[in-house]
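K.L.:
Sharing a model that was predicted from the sequence below.
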Amino acid sequence: MLTNALPTKIDVANLRKSFATDKGTLAVVDDVSLQVGEGEFIAIVGPSGCGKSTLMRMIAGFIPPDSGQVVIDGATRLQPSPQGILISQHGSVFPWLTVQQNLMFGLNGTQSMSEKIAIADHYANIVGLKGFEAAYPHELSGGMLKRVEIARALAVKPAILYMDEPFSALDALMSLRMRNELLKILGQERHTVLLITHDVEEAIHLADRVMVLSPRPTRIQATFEVKLPHPRKLTSPEVQRLRMAILKELGVDADAVA
């Protein structure tokens, strides 16, 4: 349920999903409902293997639910849409294209070549790849490849960003830089964002709301509103109290990680 006055962008109602295995039916997502407002940033955290990625892929239209529905902008979502871009854990950079060509892929056909190059180079610079525009993916590290994927998604200015642990391949400093750059971009372009992360601090740093999922078959176990203005000081008492509350909900001994 939305707790603010934002118009509803994504309305998820009673999603369920199971998979057939050699040992029988495995229930993964069990009766999940949520609403996301236009321009809202939702972070989803939960135990490993609880069904976070399955839930996101259903919302994005890549996996059909067994029951329930996803409505986006008032229309039932039945398949992926170019208005929503998924950044996955596994990566999807095209190996036969240079960094610049990857970032130009998917840009509007009405744009001139010089405009596309300018946009690609702008986002390459944002993610710290200036000077690597002519490089091919096999010449880049894993972390650099992830930055190409993030930049490519941002360059096409999608209405919805589905981000499945997008910063997990980056070192701590680059992850923090990318999070700060993402916040700057969202301040200007205001995408609607669904983020899956195992990093509670990352969720608090970025999101308007943090949803905690239960172990499989997953449900929404708790929701925390993050009513802190940006930029957020991650060492502040307010952030630390929220972090402890979320960790407690995840079953982590907060005293052991303080």
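P.N.:
Structure's in. What do you need?
K.L.:
which residues of the protein score low on pLDDT?
P.N.:
Residues of the chain meeting the criterion pLDDT under 70: 1-4, 89-90, 254-258.
K.L.:
Tell me the secondary structure of the residue nearest in space to the middle of it, please.
P.N.:
Using CA atoms, centre = their mean, the residue of the chain that lies closest to the mean C-alpha position is residue 163, 2.0 Å off. Reducing the assignment at residue 163 to three states with DSSP: H, G, I helix; E, B strand; the rest coil gives strand.
K.L.:
can you offset everything so residue one is 15?
P.N.:
Sounds good: first residue 15 from here, last item residue 177.
K.L.:
Who is it paired with across the strands?
P.N.:
Taking DSSP bridges, one finds residue 101, residue 209 as the beta-bridge partners of residue 177.
K.L.:
residues contacting it?
P.N.:
Counting by CB atoms under 8 Å, 6 or more residues apart in numbering, residue 177 makes contact with 101, 207, 208, 209, 210. Any C-beta I mention is one placed from the backbone N, CA and C, and that applies to glycine too.
K.L.:
these two touch, right, the first one and residue 178?
P.N.:
When you say that, I think you mean residue 101. Yes - Residue 101 lies in contact with residue 178 (CB atoms under 8 Å); the separation is 6.6 Å.
K.L.:
out of the contacts of residue 177, which one sits closest to residue 29?
P.N.:
Looking at the contacts of residue 177 and their distance to residue 29, the nearest is residue 208, at 13.3 Å (CB to CB).
K.L.:
contacting residues around the closest one?
P.N.:
Residue 208 makes contact with 24, 50, 56, 58, 70, 73, 174, 175, 176, 177, according to CB under 8 Å, 6+ apart.
K.L.:
circling back to that earlier point, now render the contacts of residue 177 as CSV, adding distance to residue 33.
P.N.:
As requested, the contacts of residue 177 are arranged in CSV below (distance: CB to CB, whole Å):
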residue, distance to residue 33
101, 23
207, 27
208, 21
209, 24
210, 18
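K.L.:
Can you flag the buried ones in these?
P.N.:
101, 207, 208, 209, 210 (16 or more other CB atoms under 10 Å).
K.L.:
Following element in sequence after the helix or strand where residue 26 lies, please.
P.N.:
Counting by DSSP states H and E, the secondary-structure element that holds residue 26 is strand 22-35. The C-terminal neighbour of strand 22-35 among helices and strands, as given by DSSP H and E, is strand 38-51.
K.L.:
State the next helix or strand along the chain beyond that following strand.
P.N.:
Past strand 38-51, further along toward the C-terminus, the next helix or strand under DSSP H and E is strand 55-59.
K.L.:
Can you tell me which helices and strands the helix or strand that that next one is followed by packs against?
P.N.:
Once strand 55-59 ends, the next helix or strand along the chain (criterion: DSSP H and E) is helix 66-74. Based on contacts counted as 3 or more CB pairs under 8 Å, 6 or more residues apart in numbering; DSSP states H and E, the elements that helix 66-74 packs against are strand 22-35, strand 38-51, strand 55-59, strand 98-101, strand 174-178, strand 206-210.
K.L.:
follow-up on the earlier one: pick the one among the buried ones among the contacts of residue 177 closest to residue 34.
P.N.:
residue 210 (24.1 Å).
K.L.:
Could you double-check that the closest one lies in contact with residue 64?
P.N.:
No - if you go by CB under 8 Å, residue 210 and residue 64 don't touch, sitting 10.5 Å apart.
K.L.:
Report the buried residues of the strand holding residue 26.
P.N.:
Within strand 22-35, the residues scored as buried using 16+ other CB under 10 Å are 23, 24, 25, 26, 29, 30, 31, 32.
K.L.:
Nearest spatial neighbour of the fifth one, chain-adjacent residues omitted?
P.N.:
Leaving aside its sequence neighbours, residue 29 sits nearest to residue 82 (CB to CB, 6 or more residues apart in numbering; 3.9 Å).
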